[in-house]
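K.L.:
sharing a model prediction with you, sequence too.
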Amino acid sequence: MGSVVTVSHITASSSAVVRASGLTKRYGDFTAVDGIDFEVTPGESFGFLGPNGAGKSTTMSMIGGVSTRSGGELSVMGLDPDKEGPRVRAHLGVVPQQDNLDEEIKVRDNLYVYGRYFGLSRSYLKPKMEELLDFAQLTDKAGERVDALSGGMKRRLTIARSLINEPKILLLDEPTTGLDPQARHILWDRLFRLKEQGTTLLVTTHFMDEAEQLCDRLIVVDAGRIMAEGSPSQLIRDYSTREVLEVRFGSAQNRAAAQTLEGLGDRIEILADRVLVYAHDGEAALEQVIARGLNPVSSLVRRSSLEDVFLRLTGRSLVD
Ligand SMILES: Nc1ncnc2c1ncn2[C@@H]1O[C@H](COP(=O)(O)OP(=O)(O)OP(=O)(O)O)[C@@H](O)[C@H]1O
């Protein structure tokens, strides 16, 4: 579909902890981040939602001062990450996409070694490690080697480790990719706690449910550009209908059926395995489908999600 969408520019606020304006990253001829503007206010949970390759990790790397920008402005706690990397990093906790724990040493020792690397004193670290182990629900695993932990536990340990210097801002790159549903919920709960304590969270994700759960506000990114910005509910209100009717007619018949459905609801999307009818009342739309002489193999009415927003903005599914 590829519709053109006007992005509302965010008013500059003096209290922003992260501010990007025209932020750009090029790798040779390729532009990974293409002049994006956003601001993150203290204590909020701000998301970057987009598919693989959208430029989310690259943006995080620039914020963290590990990748220099090619253009535009960027400030983190009022500092330029390209010029004052160490001072910026002192405010940040970083949870990378892949856990990079020391697998062969014990859980508690991972925290200790990291803290010492940060230059923190033994007397500071001793109680801090216990507090973080408790926070990560790993106290009873403290004496075990990391390679004996589950994926969810490792992720929580990586988060605990990133908190060792009491950062004001936590950068989380795809925090729950690869975790099972239960492990994801435990992790989200820990992140809610951090937010309650006033930590600002910057989260990249390609999971729409994660963005809906975790983020107060987010930007939808695709191919290095911002497609839309707002709270999850605002985005759904602005770019989708209240409900969506999903109907399946058998893969060979979806396209022909969709033609019969033309004009139904606000709009129709044909996916490989189903047809989506965007309507404020999904049940009423289903009655219309049947009234038009169609007989779906299955049907489902659900509320709109950020996945629908992404589909509307890009004509593609987030999980393609
Ligand atoms: N060092 C690099 N050299 C060249 N191209 C790069 C480099 N790092 C990233 N890219 C490219 O930049 C684009 C954005 O990558 P980035 O990792 O930021 O995307 P992403 O949205 O975080 O997706 P993912 O979840 O897959 O990491 C991709 O096309 C990627 O191949």
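P.N.:
That came in fine, so what should we check first? Small disclaimer: the values here were computed from a predicted structure and weren't measured.
K.L.:
ok, longest helix in this structure?
P.N.:
The residue-count maximum for a helix in the chain (DSSP state H) belongs to helix 181-196.
K.L.:
could you say what helices and strands it packs with?
P.N.:
Under the contact criterion of 3 or more CB pairs under 8 Å, 6 or more residues apart in numbering; DSSP states H and E, helix 181-196 touches helix 151-162, strand 200-205, helix 208-214. Any C-beta I mention is one placed from the backbone N, CA and C, and that applies to glycine too.
K.L.:
next, the angle helix 181-196 makes with the shortest one.
P.N.:
To tie it back to what came earlier, the one meant is strand 200-205. Per axes from the mean of the first three to the mean of the last three CA atoms, to 10 degrees, the angle that strand 200-205 makes with helix 181-196 is 150 degrees.
K.L.:
who's in contact with strand 200-205?
P.N.:
17-18, 40-50, 56-57, 59-60, 63, 168-176, 191, 194-195, 210-211, 214-215 (CB atoms under 8 Å, 6 or more residues apart in numbering).
K.L.:
next, count neighbours for the closest residue to R156 other than its chain neighbours.
P.N.:
The shortest distance from R156 to any non-neighbouring residue, by CB to CB, 6 or more residues apart in numbering, is to A136 (4.1 Å). Residues lying near A136 (other CB atoms under 10 Å) number 24.
K.L.:
show the pLDDT at A136.
P.N.:
A136 carries a pLDDT score of 93 in this model.
K.L.:
quick check: residues of the stretch 101-250 of the chain near the ligand?
P.N.:
174, 204 (CB under 6 Å from any ligand atom).
K.L.:
L170 touches Q197, doesn't it?
P.N.:
No: with contact defined as CB atoms under 8 Å, L170 does not reach Q197; the gap is 10.8 Å.
K.L.:
quick one: the strands in the stretch 51-200 of the chain?
P.N.:
Remark: strands assigned in the stretch 51-200 of the chain by DSSP state E, counting those that start in this stretch are 71-76, 92-95, 169-173, 200-205.
K.L.:
direction included, what does the third one pair up with?
P.N.:
By that I understand strand 169-173. Note on strand 169-173: by DSSP bridges, its sheet partners are strand 92-95 (parallel), strand 200-205 (parallel).
K.L.:
contacting residues around the shortest one?
P.N.:
Strand 92-95 is touched from outside by 63-64, 76, 155, 158-159, 162-165, 167-173, 175, 199, with contacts defined as CB under 8 Å, 6+ apart.
K.L.:
with neighbour numbers in mind, choose between L170 and Q197.
P.N.:
L170 (22 against 11).
K.L.:
low-confidence ranges, the stretch 51-200 of the chain, go.
P.N.:
In the predicted model of the stretch 51-200 of the chain, no residue satisfies pLDDT under 70.
K.L.:
on that earlier part again, mind giving me the PyMOL select for the contacts of strand 92-95, buried ones only?
P.N.:
To isolate the buried subset of the contacts of strand 92-95 in PyMOL, counting by 16 or more other CB atoms under 10 Å, use the following:
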select buried, resi 63+64+76+155+158+159+162+163+164+165+167+168+169+170+171+172+173+175+199
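K.L.:
not counting its own residues, what contacts stretch 28-37?
P.N.:
Counting by CB under 8 Å, 6+ apart, 9-10, 20-26, 55, 58-59, 62, 71-72, 219, 221, 223-226 sit against stretch 28-37.
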